[in-house]
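K.L.:
could you look at this predicted model? Sequence included:
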Amino acid sequence: MEKEQYPLKKVCIICAKGSIEDVYASLVMANGAVMEGIETKVFFTFFGLDAITTKQMKKLHTATVGNPAMRMPGGLPFPTILGMLPGVEAGVSAMMKSQMAALDMPPVDEFLDMITAGGGEIYACKLAVEMFKLKKEDFNENVKDIITIGDFYGLCGGQGTQIIFT
Amino acid sequence: MATKTLAGVTVEVNEEGYFMDPSKWTKEMAVEIAKEEGVELTDQHYLVLNFVRNRFATGEALTIRGVGKSGIVDIKGFYGLFPGAPMKKAAKIAGIPKPASCI
């Protein structure tokens, strides 16, 4: 591979959704950047706050209704009527978690530890925090601060920066 | 594909500088590669290098989480020993191929 002339210097990720796949997408991307030595900042907003709220971060689910990409393990389509049944969402989410654990993907709290261990910074969106009536004590210890989007944009300056919305 | 002379021996490396043949690696070579990467090797570094080499040899997945749980360093310590991109740096200095894991 040729050496990139203008390598990424900073990656800023905004996570606005709270399903397992969306949260883990943000976390893997953030950790991936940290592991490459790229300055990384993550901003959690709206349902993304679930990923950094101590009470919710271990209970993330994936949608079994209205998720057109969801399939049965054999590859057949996943019937909506099945996804509606009590316990199915929890069961499918648990299966997803165990698949990820088999690939050595850590649970969310450990993942946040890994990201900050490498120098990444984690922020919560002030507007969403107010909307969901949360406080700093509700968040994981790795959350650096509760800031506005304007503050976050201020942290995203510099050449070679990319902002990614998930 | 290219060759590199380390500790007086010529070894084959790929375009990014990773060893093509991990068995040719010696500790003396590690010191030279480490110098290029801006790292001065201490005993702790060697413990980590041996850990990643063993992991590679067994074929088990090599993840940064694995290194953190190895008992040698925690993840913060790992970033301290090999600043910037620890998995890539450690693999290069340890004479194993570039880690293929996303985590």
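P.N.:
Thanks, I have the structure now.
K.L.:
got the buried residues for the longest helix seen in chain B?
P.N.:
Looking across chain B with DSSP state H, the single longest helix is helix B:43-58. Residues B:H45, B:V48, B:L49, B:F51, B:V52, B:R53, B:R55, B:F56 are the ones in helix B:43-58 that count as buried (16 or more other Cβ atoms under 10 Å in any protein chain shown). For glycine as for every other residue, the C-beta is placed from the backbone atoms N, C-alpha and C.
K.L.:
report how many residues lie close to A:A128.
P.N.:
19 (other Cβ atoms under 10 Å in any protein chain shown).
K.L.:
and it, which of the three is it?
P.N.:
Secondary structure, DSSP: H, G, I helix; E, B strand; the rest coil: A:A128 is helix.
K.L.:
which ones are touching A:Q56?
P.N.:
A:Q56 makes contact with A:G18, A:L49, A:D50 under the criterion Cβ atoms under 8 Å, 6 or more residues apart in numbering or on different chains.
K.L.:
mind running it again at 6 Å?
P.N.:
Neighbour list for A:Q56: A:D50 [criterion: Cβ atoms under 6 Å, 6 or more residues apart in numbering or on different chains].
K.L.:
what does the pLDDT read for it?
P.N.:
We have a pLDDT of 96 for A:Q56.
K.L.:
mind listing residues that contact the longest helix of chain B?
P.N.:
Outside helix B:43-58, the residues that touch it by Cβ under 6 Å, 6+ apart are B:L62, B:S70, B:I72, B:L81, B:A90, B:A94, B:I96.
K.L.:
tell me the first helix or strand C-terminal of that helix.
P.N.:
helix B:64-68 (DSSP states H and E).
K.L.:
can I get the CA coordinates of that next one in PDB?
P.N.:
Coordinates of each C-alpha in helix B:64-68 appear next as PDB, following Å, rounded to 0.1, in the frame of the first residue of the first chain:
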ATOM      1  CA  ILE B  64      -5.300  -5.100  22.000                       C
ATOM      2  CA  ARG B  65      -7.700  -6.400  24.500                       C
ATOM      3  CA  GLY B  66      -5.700  -9.600  24.700                       C
ATOM      4  CA  VAL B  67      -2.600  -7.700  25.400                       C
ATOM      5  CA  GLY B  68      -4.400  -5.800  28.100                       C
END
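K.L.:
and the helices in chain A?
P.N.:
A:20-35, A:80-84, A:88-102, A:108-117, A:126-131, A:149-155.
K.L.:
closest residue of chain B to chain A?
P.N.:
The minimum distance from chain B to chain A, using Cβ to the nearest Cβ, falls at B:G84 (3.5 Å).
K.L.:
report the contact partners of the closest residue to A:T148 other than its chain neighbours.
P.N.:
Spatially, and ignoring its direct neighbours in sequence, A:T148 is nearest to A:K126 (4.9 Å; Cβ to Cβ, 6 or more residues apart in numbering or on different chains). With contact taken as Cβ under 6 Å, 6+ apart, A:K126 is in contact with A:I146, A:I147, A:T148.
K.L.:
near the second one, how many other residues are there?
P.N.:
So the one you mean is A:I147. Applying other Cβ under 10 Å, we find 17 other residues in the vicinity of A:I147.
K.L.:
before we move on, the earlier item: could I get the helices of chain A as TSV with mean pLDDT?
P.N.:
What follows is those, written out as TSV (pLDDT from 0 to 100):
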stretch	mean pLDDT
helix A:20-35	96
helix A:80-84	94
helix A:88-102	95
helix A:108-117	96
helix A:126-131	97
helix A:149-155	97
